[in-house]
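*Asks:* got a structure for you, letters missing:
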Ligand code: HEM
């Protein structure tokens with residue numbers, strides 16, 4: 001029977017991105033610029049407007065917590081992204097390409113290239129897992145079942 005190698009290295013936890021100027025105030029500016037562009041987008045603007053009907057400030061603060069947790073590993077975000085997106089029934093998979101394009105443009109407009117690349121790499125990974133949660137369904141009787 002295979003035994004566990006006690007000297008095997010566990011997978012390394014993702015490290016905070018350390019860069020002069022990358023702090024909560026900067027992340028807050030990035031978040032506000034990005035959602036300003038989202039709100040002006042003809043496809044995504046109405047989707048967000050329907051979901052966030054009142055004051056945008058709590059959403060912007062929550063998203064600042066989220067990106068600080070992702071990039072700086074400060075633990076400030078405690079929410080659950082999957083249920084927040086699964087309930088958005090008008091969103092289709094191709095909307096993520098628009099979201100990622102706007103996010104990438106904002107990151108490159110505001111950050112040095114290596115920091116922009118780190119934001120984008122994480123955004124793409126999280127977008128992939130959100131898309132799986134929202135759109136991937138096994139056929140009801142399992143893989144290989146023949147539709148009735
Ligand atoms: C087409 C793509 C997307 C759309 C239309 C979308 C839309 C939304 C909306 C409308 C909300 C607010 C929900 C509410 O407060 O009721 C929300 C929350 C959120 N979104 Fe997205 N989103 C998208 C992609 C993403 C991606 C790619 C990420 C991460 C990289 C992300 C991260 C979050 C987070 C962290 C929240 C807060 C969840 C919570 O704790 O309540 N979203 N999104």
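*Replies:* Perfect, I can see it now. All of these numbers come straight from a predicted model, not from anything done at the bench. Numbering: from 1, shown residues only.
*Asks:* Let me know whether stretch 88-105 sits next to the ligand.
*Replies:* Yes. Using Cβ under 6 Å from any ligand atom, we find that stretch 88-105 touches the ligand at 88, 91, 95, 96, 99. For glycine as for every other residue, the C-beta is placed from the backbone atoms N, C-alpha and C.
*Asks:* from those, which would you call buried?
*Replies:* 91, 95, 96, 99 (16 or more other Cβ atoms under 10 Å).
*Asks:* element containing the third one?
*Replies:* Using DSSP states H and E, residue 96 sits in helix 95-110.
*Asks:* Measure how buried residue 39 is and give me the count.
*Replies:* Around residue 39 there are 14 other residues, counting by other Cβ atoms under 10 Å.
*Asks:* oh, I was asking about residue 138
*Replies:* Using other Cβ under 10 Å: residue 138 sits among 8 other residues.
*Asks:* At the contact with the ligand, which residues of this structure appear?
*Replies:* So the chain meets the ligand at 44, 47-48, 51-52, 59, 62, 66, 79-81, 84-85, 88, 91, 95-96, 99, 123, 126-127, 130 (Cβ under 6 Å from any ligand atom).
*Asks:* which SS state does the residue in the chain positioned nearest to the ligand fall under?
*Replies:* In the chain, no residue comes nearer to the ligand than residue 79, which is 2.3 Å away by Cβ to the nearest ligand atom. When classified by DSSP: H, G, I helix; E, B strand; the rest coil, residue 79 comes out as coil.
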